[in-house]
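Asks: What follows is a predicted protein model with its sequence.
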Amino acid sequence: MKATPSQLKALHILKEHGPIRPREFARLMWPDSEGWRRSTKCGPNGSTRGGGMCLAGGGYLGKLYHKGWSKEVYSQYDPTRSLGYSLTEEGWQALEEDEP
């Protein structure tokens, strides 16, 4: 399956920085986005900057996961602790198809 330019960018990020968490992924994928300057509510009395970007990063990683191009990696010492997302064999193949 042929990847779009943004999917290829995401796969390159996973290749170079994986395993990576959604916030870090979003920072690399969309560094100049206006969403990093927006404040969002977190908890009854607080707010955070760029909270929506974390959700966007997680959503995009989820799309790659459903295509079979990424997988969630867990700690070998604590199998309930996620370390982030990395490439699968199918993800590597999608990258190789793009290279001349």
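Replies: Good, I have the coordinates.
Asks: how about the strands of the chain, start to end?
Replies: Per DSSP state E, the chain carries strands over the ranges 39-41, 47-49, 70-74, 82-87.
Asks: out of the ones you listed, which comes closest to L64?
Replies: For L64, the closest of the strands of the chain is strand 70-74, at 4.1 Å, according to CB to CB. C-beta: built from backbone N, CA, C; applies to glycine.
Asks: what's the angle between the closest one and strand 82-87?
Replies: Here the directions of strand 70-74 and strand 82-87 differ by 150 degrees (axes from the mean of the first three to the mean of the last three CA atoms, to 10 degrees).
Asks: Report the buried residues of strand 70-74.
Replies: For strand 70-74, burial by neighbour count (16 or more other CB atoms under 10 Å) applies to S70, K71.
Asks: Now do that strand: everything it contacts.
Replies: 14, 18-19, 61, 64-65, 80-88, 91 (CB atoms under 8 Å, 6 or more residues apart in numbering).
Asks: hmm, back to that, mean pLDDT and distance to W30 for the strands of the chain - can I get that in CSV?
Replies: CSV is the format used below for those (pLDDT from 0 to 100; distance: least, CB to CB, whole Å):
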stretch, mean pLDDT, distance to W30
strand 39-41, 78, 16
strand 47-49, 76, 14
strand 70-74, 92, 17
strand 82-87, 91, 16
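Asks: Tabulate these (TSV), appending distance to K2.
Replies: TSV is the format used below for the strands of the chain (distance: least, CB to CB, whole Å):
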stretch	distance to K2
strand 39-41	35
strand 47-49	36
strand 70-74	17
strand 82-87	17
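Asks: Could you look over those strands and pick the most buried one?
Replies: strand 82-87 (a mean of 19; mean count of other CB atoms under 10 Å).
Asks: Which residues does stretch 30-40 contact?
Replies: R27, S47, T48, R49, G50, G51, G52, M53, A56.
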